[in-house]
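> compute the structure for the input listed below.
(chains A and B)
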Amino acid sequence: MFTLSEDAAMVGVQAKWIDHLVSCGLRAARYASTLDDKQLVLALSVPQRDYAAALIACGWVLGAKRPNVSDPRRVLERVEPGQKVCLTDKKHIVAAKFFRVDTKMGRDVLVTDQSTWCIDKITAINVLSDDMEPTKIPCCQERPEPGSLARMAGIDRNWDSWLVSAPADLAIIGTCKWIERELDACIFRSEDIALDSDDIKTVLLPKKKGAVAWHTRIVSHVDRDVCLNLPDSTSIVILDGNGAIKYLPDLRSKVVICILDRSAANETAEESILQYRNTRGVPIALSEVNGWKILPGIEYIAYEVSL
Amino acid sequence: MNHLESLNRRYEISARFDGASDGTVVIEAIPDPAGARFDKALRNIITSLGEDAVSFEELLSPAKALRWKRLFHAQPVTLDGRFQVLAEQVIERCSLMEGALDEQLLEELSKASECVVDTDSGFADELPVWIDDVGPEECVVVVANRSDVIEVREWLQRDGLQVLTARQALSAVLVRSQLYVVGPPIFYPRALATAAVTDEISYLVSDWFRCRKLPRSSFAEFAEKAVDVKTRVRESDTVEVVNLPAVEESDVLDEYIPQPIWGKAGTATRGPNSDEALARKLYLGGGFAMWLDDGQRIRSLDPSQPVGERVAYMDVESVTEGSFLLLREGASERKTLYEAALDSLGHRAADITASQTRWKCRLDDRLQRRGHRCVEDELKAFGVTACEQVRAWTDPILVRPKSKRDFWLLLEWLGVPVQSTTANADMLKRALRSESQRIRKELEVIIEYIDLDELERIGYVSLGGRNVGVRGMCATRVLAISHFKRPVARSRTRLLIKDDGGRWLE
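Below you'll find the predicted structure:
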């Protein structure tokens, strides 16, 4: 069972709905892996939108593929000068342009436009694809530590590999200010109480100014152009709240999860979900999907759409 | 209790209400003989008018507004000046209508108005007692609007009691046990019961209003598992069920919702000319109206959002009663934006205007010569998918058809250079986008400093911006949207017009 708290200093809350929303993200990730040229649309009507998107996103990470990054020296053998790379050592995570491998005082070093790094100290390195690029290159930040969720996802063992190769496939559209605040919340299992770095953003790695490695795009619902032009590598979009749901018919990601906020009742958002279902969707009964549970107080509509 | 604990409480209450068999939500049917008499008198008049009701809007509009107010009235009638004004208006209209309508019916409506304005509804006796029984600090009273919040608070004068609108109650962090909602559940958000913030909920409903259901939700109807909240009605002993309508059907319910004076606007039957668009009439806060066509999105304001994310675009079909729109006096958004975008293009503006004019003139010429049906057919044969939109494409401030492919094919069909024309149109479109972003940011800054509470209470505020693009703008609430559409000159759509037809709605 997870405990969610507003920040590390606050008393946490344990509840079924927290576990349930995390498991919705996880189940969606598993379901998505069975889909071929189809999109899963899952709409959840919750009493209040707060934290729902963040928790579902946590579940998605739990279901994400484990990183598979080779030994740094082997990666460096294949990198061409000018290519952008992301690397970690024990303290830093860096994105920079690769120049060359050199020798300095008898040691192999990696020369980049950011700095020179001793290759023996590099714990993981990966070539950055266009979709994964941070907002500015070169850049460097402190290396975050893995928390409880990372341990549960099994990515703590290859944490550095995860940091440099985390798939940038998750987008949350909604009210940025609210979502960013919620990503500061901490989530942990009771057996991991001694671990630090349990804030959600350590695993979700939101894209923002100065962030080197990132996994999650947070897009404001008022930013129409960005909402309508998400890169093809986006596998899941969480439409958080009524203002974001209008983008549903325009999305091509494998999974779209709509969070309907009942406390801000809005018929138009409901209609968008139903209209898309009626014109393009094939309904799914979640109760018949293996392992999917239904919780009182939450309403569900799920369907598949041909892409 | 911190924010997360209060959220958790809300999930717990929702789960407890969902499927509970004991009828957790109570509907208190409260006697209101004066209200019942007025309702009956008004219904008799509406029945006698039948199809002619449209011609008697000047009487029916204030009368319906008065009945509506009665449904949501807990405070003593003397505290509400507007209630008095409405009743006087109905009485005055009754006397003006003499000869045009059955005299007995008019006299009864007039007398019932006098009676309703002299007598408090039964709520005024019951509500204070119930609040004191539970303890004011454990109660929340939900009323219909912000003016009622002020009046009910002043009337009840109980320390610790919270009086809120439904929207406020739904977004508040509350740790209270009892919610009293003044008025029928059907006219309040369903979430008051399905996303409840208190342990118990009671709706206070006049006994003459027979619909006691919660509002429906289309999502819940199609959901694999809908939140099912059962209600329990506590009928008063004194109820005298005489000739009460079965207000279960939606058209009868609609009749209870106040209507503006649409006048002759709804009677046109012809189709639009080439320079016209079909548009709905909207009544807006501040004594305004507007014709809204089905075209592009419209700028809107969501006061519930945080700074920087309040100004957005809304699809026309998403505009509902209660939405806030950002509009200009004297000019439409599109025209202002278009001019600002051209300005921003500097010396390239002349070339772009010439290139745009060329293809639009040629298209207009073909439409004139061959007729729009023939042009549509030819374009269809040419592969243009949205060919039924062809007449709208001649609009000087519409940059290009939505689909790029349609645009290429259209230009080819017109015999206009495709590359340079599309490049020019794309440049203009980019400029429009960046101007629109600039205006959005500027509006966000202005809105940060306006009193949003005041806007919610009054329904209108002038923004007082000075720069190009935001000058003369105001935020205004949609009060009513017509069911009918009428052909309106494109240049007149989306313009604020002074029109007091919605005066009884404010």
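> CA only for contacts and neighbour counts going forward, please
OK.
> what comes up buried for stretch A:202-215?
For stretch A:202-215, a neighbour-count test (16 or more other C-alpha atoms under 10 Å in any protein chain shown) marks A:T202, A:V203, A:L204, A:L205, A:P206, A:K207, A:A211, A:V212, A:A213, A:W214, A:H215 as buried.
> what's the distance between B:S171 and chain A?
7 Å (C-alpha to the nearest C-alpha, to the nearest Å).
> wait, that residue touches A:S263, no?
Yes: contact criterion C-alpha atoms under 8 Å: B:S171 and A:S263 qualify, at 6.5 Å.
> more neighbours, these two?
A:S263 (26 against 13; other C-alpha atoms under 10 Å in any protein chain shown).
> please state the backbone phi and psi of that one?
Note on A:S263: its backbone torsions stand at phi -70, psi -20 [degrees, to the nearest 10].
> for it, report the pLDDT, please.
Per-residue pLDDT puts A:S263 at 91.
> repeat for the one 10 residues further on
According to the prediction, A:I273 has pLDDT 95.
> cool, A:G241 as well?
You'll see A:G241 listed with a pLDDT of 90.
> can you tell me which residues contact it?
A:R49, A:G174, A:T175, A:C258, A:I259, A:L260, A:D261 (C-alpha atoms under 8 Å, 6 or more residues apart in numbering or on different chains).
> same question, A:S235
A:D169, A:L170, A:S253, A:K254, A:V255.
> again, but for B:N424
The neighbours of B:N424, taking C-alpha under 8 Å, 6+ apart as the test, are B:I352, B:S355, B:Q356.
> of those, which is the nearest to A:K246?
Proximity of the contacts of B:N424 to A:K246 (C-alpha to C-alpha) peaks at B:Q356, which lies at 31.2 Å.
> measure that closest one to chain A for me?
Noted for B:Q356: a distance of 24 Å to chain A, by C-alpha to the nearest C-alpha.
> could you check how far the helix or strand harbouring that residue is from the centre of its chain?
B:Q356 belongs to helix B:348-370 when assigned by DSSP states H and E. How far helix B:348-370 lies from its chain's middle: 38 Å, per C-alpha atoms, centre = their mean, to the nearest Å.
> so for it, mean pLDDT?
94.
> now it: buried residues?
So, applying 16+ other C-alpha under 10 Å, buried residues of helix B:348-370: B:A349, B:I352, B:S355, B:Q356, B:W359, B:K360, B:R362, B:L363, B:D364, B:L367.
> quick check: the farthest pair among the residues you listed?
The span of the buried residues of helix B:348-370, defined through C-alpha to C-alpha, is set by B:A349 and B:L367 at 26.7 Å.
> next SSE downstream of the longest helix along chain B?
Secondary structure of chain B per DSSP state H: the longest helix is helix B:418-448. Following helix B:418-448 in sequence order, the next helix or strand is helix B:452-458 (DSSP H and E).
> which bits of the stretch 1-150 of chain A sit near chain B?
For the stretch 1-150 of chain A, the residues found near chain B under the criterion C-alpha under 8 Å from any C-alpha of the partner chain are A:S5, A:E6, A:V13, A:A15, A:W17, A:V46, A:P47, A:Q48, A:D50.
> what secondary structure does the last one sit in?
Here A:D50 is coil, with the state taken from DSSP: H, G, I helix; E, B strand; the rest coil.
> ranges for the strands of the stretch 251-400 of chain B?
Ranges of strands in the stretch 251-400 of chain B, per DSSP state E, counting those that start in this stretch, are B:276-284, B:288-293, B:298-301, B:311-314, B:324-328.
> I meant the stretch 101-250 of chain A, not that one.
Along the stretch 101-250 of chain A, counting by DSSP E, counting those that start in this stretch, strands occupy A:107-112, A:116-118, A:124-127, A:139-142, A:170-174, A:186-189, A:216-220, A:236-240.
> where along the stretch 51-200 of chain B do the helices fall?
For the stretch 51-200 of chain B, the helices defined by DSSP state H, counting those that start in this stretch cover B:57-71, B:81-96, B:103-118, B:123-134, B:146-156, B:166-171, B:191-194.
> dump these into a markdown table; add mean pLDDT as well.
A markdown table is the format used below for those (pLDDT from 0 to 100):
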| stretch | mean pLDDT |
| --- | --- |
| helix B:57-71 | 92 |
| helix B:81-96 | 90 |
| helix B:103-118 | 92 |
| helix B:123-134 | 93 |
| helix B:146-156 | 92 |
| helix B:166-171 | 92 |
| helix B:191-194 | 94 |
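> A:V164 touches A:L87, doesn't it?
Yes: the pair A:V164 / A:L87 is scored as a contact, 6.1 Å apart, by C-alpha under 8 Å.
> most surrounded residue in the residues of the stretch 1-150 of chain A next to chain B?
That'd be A:P47 among the residues of the stretch 1-150 of chain A next to chain B, by other C-alpha under 10 Å, with 30 neighbours.
> tell me the contacts of the residue nearest to that residue when sequence neighbours are not counted?
Nearest residue to A:P47, sequence neighbours excluded (C-alpha to C-alpha, 6 or more residues apart in numbering or on different chains): B:A195, at 4.5 Å. B:A195 sits next to A:V46, A:P47, A:Q48, A:R262, A:S263, A:G297, B:R10, B:Y11, B:I13, B:S14, B:L170 when contact means C-alpha under 8 Å, 6+ apart.
> state the mean pLDDT of stretch A:276-286.
The pLDDT scores in stretch A:276-286 average 93.
> contact partners of it?
Residues outside stretch A:276-286 that contact it (C-alpha under 8 Å, 6+ apart): A:L248, A:P249, A:W292, A:K293, A:I294, A:I301, A:A302, A:Y303, A:E304, A:V305, A:S306, B:E224.
> ok, the fifth one to chain B distance?
Taking C-alpha to the nearest C-alpha as the measure, A:I294 and chain B are separated by 8 Å.
> since that was my last question, I'll sign off now.
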